[in-house]
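> Build the 3D model from these lines:
(one chain, ligands or ions: 1)
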Amino acid sequence: MPTKYIFLTGGVVSSVGKGVTAAAIGRLLKERGFKVAVQKLDPYINVDPGTMSPYQHGEVYILDDGAETDLDLGHYERFIDIRLNRVCNVTTGQVYAEVIGKERRGDYLGGTIQIIPHITNEIKRRIGMVAKSTGAEIVLVEIGGTVGDIESLPFLEAVRQLRTDMGRENTLYIHVTWLPYIGATAELKTKPTQHSVRELRSIGITPDMIVARSDYPVEDSLREKIALFCDVEKRAVVPMVTTPVLYEVPLLIEQAGVADYVMARLGLTARLQPDWTEWKHLVAEVRRPKPKVKVALVGKYVELHDAYISVHEALKHAALNLGVELDLSWIHSAELEKGKNLEALKSAQGIVVPGGFGSRGIEGKIQAARLARTQKIPYLGLCLGMQLMVVEFARWALGDEDANSTEFDRTTTLPVIDLMPEQNQITDLGGTMRLGLYPCQLQPGTIAARAYGQELVEERHRHRFEFNNEYREILAEHGLRYSGLSPDGRLVEIAELADHPFMLGTQFHPEFLSRPNRPHPLFLAFMAAVCRQAGLESYLETASAQILPGDGKAQPAGME
Ligand code: GLN
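Numbers count the residues shown, from 1 in each chain. I've put the predicted structure just below:
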């Protein structure tokens, strides 16, 4: 069968969940037995979001091949339970860099390089690479931004051309819009949707389906109105009311008949009967009142929760699996340095220090690690969180507060975390870290090994600095254990404390491999320790899923 393409554009405003919609539709099609991939086209000029501040962009999501991508890729992977690759995130910067590179090499000798056809052809080439590199039969392509933005015009023009190139029966356009609610008259308005569809038509794209996002229920008459004014079939107008349960979106889209319509338009017949039992159970579990556990996330971008979206999701997956409710408090590490928010931290039953860069708030995170160690509060350190756990431990074990990472103090006398030798010569900041999947050998008898229940795992990385091997022996003498190492034994991948209920840090980012129905083993082990800290041990024993670290039952997760 020829590859089928579904293009998603946004209208009216951004941030209405276009990424989640794309991910959910992908899931619907996977449930019907198709191999699906999703690609995000981002109109900004950066080559990738790797050099952008999380305040600008939210989290940078890392793929197996080390691509630094948009956080929507995280939605795609989590909802559809797939692993994507670097062609699945294209930016204007990449497209121009490629075309200008070719021009300099003389590939277009004699020609004038223009947006149409050179830039649009390069965009189309990159869209075509998704099916080739993933083997997907259906490719969903989400175009970032909203219709009307100057930046996204070349992308829209490229996907417009694809209908002619690929044929009507192989392409489908879905426009995701927003229905504003006017309080004074208590009604939802369709006018902005009509305008954005008109805008889309003016560049030659006629949407086949409109997903109308709204905070309020959408009446049938409104659907009819949208269908009439926007010239789509009524059954192709899909109201999607905001739900507090993110993982309910596929179920809602299924109920609205989206898959049936999409399949009919693309001439597809389902190979499998979709089975939503597990998802329904998942959503029911989210809704069920459960005992709360309090976890503190100590970071420096906590004002913007999107900056830690995968960590937050991974914690939720683990809590859900254990039948408890995650009560997450977001603690700014720079505030801790000023002596603020200490109470919230002390009252937490678990502390997470996620990844990060730069010196702001570092001492606050070290304080959090100190509290976790001395008060025996379960601690999970992710990348920077692992490095700072080691710094704190070294300051205590070596009795010298000068211990540090050379990222924050170049002249420290005790550089327990230091630049990897291969990083010393690098001057460019973009795309030059240790990125992507690397193997990690687990050391028998450790918390990490028990949690994984496996000897060798592969996890996603994004860092420049490493545990300094000169300090391995001395820190081990004081009770630091290296529970995960690179197979050649050279790099410390996981460190944990011997004399602590659960204090563990990973040099990699396990959060990227957690799935709603398959929590990551380390998050699960951490959350089980949090439950024990909260006095929920007996509850866990009676709950439907009880997986405690150390009982050997934890299933390997996140790795298909
Ligand atoms: N800044 C640290 C490093 O580069 C940690 C990076 C991270 O947390 N992802 O090694």
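> nearest residue to the residue of the stretch 101-250 of the chain found nearest the ligand other than its sequence neighbours?
In the stretch 101-250 of the chain, the residue that lies nearest the ligand is G144 (23.6 Å; C-beta to the nearest ligand atom). For every residue, glycine as well, the C-beta is placed using N, CA and C. Leaving aside its sequence neighbours, G144 sits nearest to D42 (C-beta to C-beta, 6 or more residues apart in numbering; 4.4 Å).
> measure that neighbour to H57 for me?
Distance, D42 to H57, by C-beta to C-beta, to the nearest Å: 9 Å.
> so Y76 makes contact with T21?
No - at 11.1 Å, Y76 does not count as touching T21 under the criterion of C-beta atoms under 8 Å.
> and the end-to-end length of stretch 108-125?
16 Å (C-alpha to C-alpha, to the nearest Å).
> Pull the distance from it to the chain's centre.
Relative to its parent chain, stretch 108-125 has a centroid offset of 32 Å by C-alpha atoms, centre = their mean, to the nearest Å.
> how about it: buried residues?
Residues of stretch 108-125 classed as buried by neighbour count (16 or more other C-beta atoms under 10 Å): 118-120, 122-124.
> name the element the residue positioned nearest the centre of the chain belongs to?
The centroid of the chain falls nearest to G74 when counting by C-alpha atoms, centre = their mean (3.0 Å). Using DSSP states H and E, G74 falls within helix 72-80.
> For that helix, which residues meet the burial criterion?
72-80.
> again, but for stretch 141-161
Within stretch 141-161, the residues that qualify as buried by neighbour count (16+ other C-beta under 10 Å) are 141-148, 152-161.
> Extract the CA atoms of stretch 361-368 and return them as CSV.
What follows is stretch 361-368 as a C-alpha-only set of coordinates in CSV (Å, rounded to 0.1, in the frame of the first residue of the first chain):
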residue,chain,number,x,y,z
GLY,A,361,20.3,27.4,41.7
ILE,A,362,23.0,24.7,41.9
GLU,A,363,23.7,25.1,45.6
GLY,A,364,19.9,24.8,46.3
LYS,A,365,19.9,21.5,44.5
ILE,A,366,22.9,20.4,46.6
GLN,A,367,21.0,21.4,49.7
ALA,A,368,18.1,19.2,48.6
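> quick one: contacts of it?
296, 298-300, 331-337, 345, 351, 353, 356, 384-385, 388, 391-392, 395, 408 (C-beta atoms under 8 Å, 6 or more residues apart in numbering).
> do that stretch and the ligand meet?
No - using C-beta under 6 Å from any ligand atom, we find that stretch 361-368 stays clear of the ligand, coming within 9.7 Å at best.
> For that stretch, give the mean pLDDT please.
The average pLDDT within stretch 361-368 is 96.
> From here on, call the first residue 16.
Let's use 16 as the start, then, which means that last one is stretch 376-383.
> got any ranges where this structure has weak pLDDT?
Residues of the chain meeting the criterion pLDDT under 70: 557-575.
> let's see 50
559-575 (pLDDT under 50).
> Residues of it that sit close to the ligand?
370-372, 398-399, 422, 477-480.
> In strands only, show me those.
Secondary structure from DSSP state E places 477-478, 480 of these in strands.
> With respect to R449, which of those is nearest?
H478 (5.8 Å; C-beta to C-beta).
> Just confirm that closest one contacts C398, I think it does.
Yes - in this structure, H478 is within contact of C398 by C-beta under 8 Å, at 5.4 Å.
> got any residues that touch both of these two?
Common neighbours of H478 and C398, using C-beta under 8 Å, 6+ apart, are 370, 522.
> quick one: the strands in the stretch 416-565 of the chain?
Assigned by DSSP state E, counting those that start in this stretch, the strands in the stretch 416-565 of the chain fall at 419-420, 430-434, 449-457, 471-478, 480-482, 495-500, 507-512, 518-521.
> Turn those into a markdown table, including mean neighbour count.
What follows is the strands of the stretch 416-565 of the chain, written out as a markdown table (neighbours: other C-beta atoms under 10 Å):
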| stretch | mean neighbour count |
| --- | --- |
| strand 419-420 | 26 |
| strand 430-434 | 23 |
| strand 449-457 | 19 |
| strand 471-478 | 20 |
| strand 480-482 | 23 |
| strand 495-500 | 23 |
| strand 507-512 | 26 |
| strand 518-521 | 28 |
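> the helices in the stretch 216-365 of the chain, which residues?
Applying DSSP state H, counting those that start in this stretch to the stretch 216-365 of the chain gives helices spanning 235-245, 264-270, 273-280, 292-302, 324-337, 348-352, 357-361.
> ranking those helices by burial, who's on top?
Mean neighbours per residue, mean count of other C-beta atoms under 10 Å, is largest over these for helix 324-337, with a mean of 25.
> What residues does the closest residue to V247 other than its chain neighbours make contact with?
Closest residue to V247 apart from its sequence neighbours, by C-beta to C-beta, 6+ apart: I225 at 5.7 Å. Going by C-beta under 8 Å, 6+ apart, I225 touches 189-192, 208, 212, 241, 245, 247, 251-253.
> gap between I225 and G373?
Taken as C-beta to C-beta, the span from I225 to G373 is 43 Å.
> that older thread, quick check: bridge partners of the residue nearest to V247?
H190, V252 (DSSP bridges).
> Which single residue of the stretch 216-365 of the chain ends up nearest the ligand?
Counting by C-beta to the nearest ligand atom, the stretch 216-365 of the chain gets nearest to the ligand through G314 (10.2 Å).
> Now that residue: closest residue in space that isn't a chain neighbour?
Nearest one to G314, counting by C-beta to C-beta, 6+ apart, is P369 at 5.4 Å.
> how about that neighbour, what does it touch?
312, 314, 323, 326, 397-400, 526.
> swap the cut-off to 10 Å and go again
Residues in contact with P369 (C-beta atoms under 10 Å, 6 or more residues apart in numbering) are 74, 312-317, 322-323, 325-327, 380, 395-400, 524, 526.
> For ChimeraX, what selects the buried ones among those?
Buried residues among the contacts of P369 (16+ other C-beta under 10 Å), as a ChimeraX selection:
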select :74,312,313,314,315,316,317,322,323,325,326,327,380,395,396,397,398,399,400,524,526
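> give me the number of residues near Y20?
Y20: 25 surrounding residues under other C-beta atoms under 10 Å.
> which SSE is it in?
strand 19-25.
> wait, doesn't D180 sit right on R140?
No - taking C-beta atoms under 10 Å as the definition, D180 is not a contact partner of R140, at 11.5 Å.
> where do the contact lists of these two overlap?
Listed contacts common to D180 and R140 are A173; contacts here mean C-beta under 10 Å, 6+ apart.
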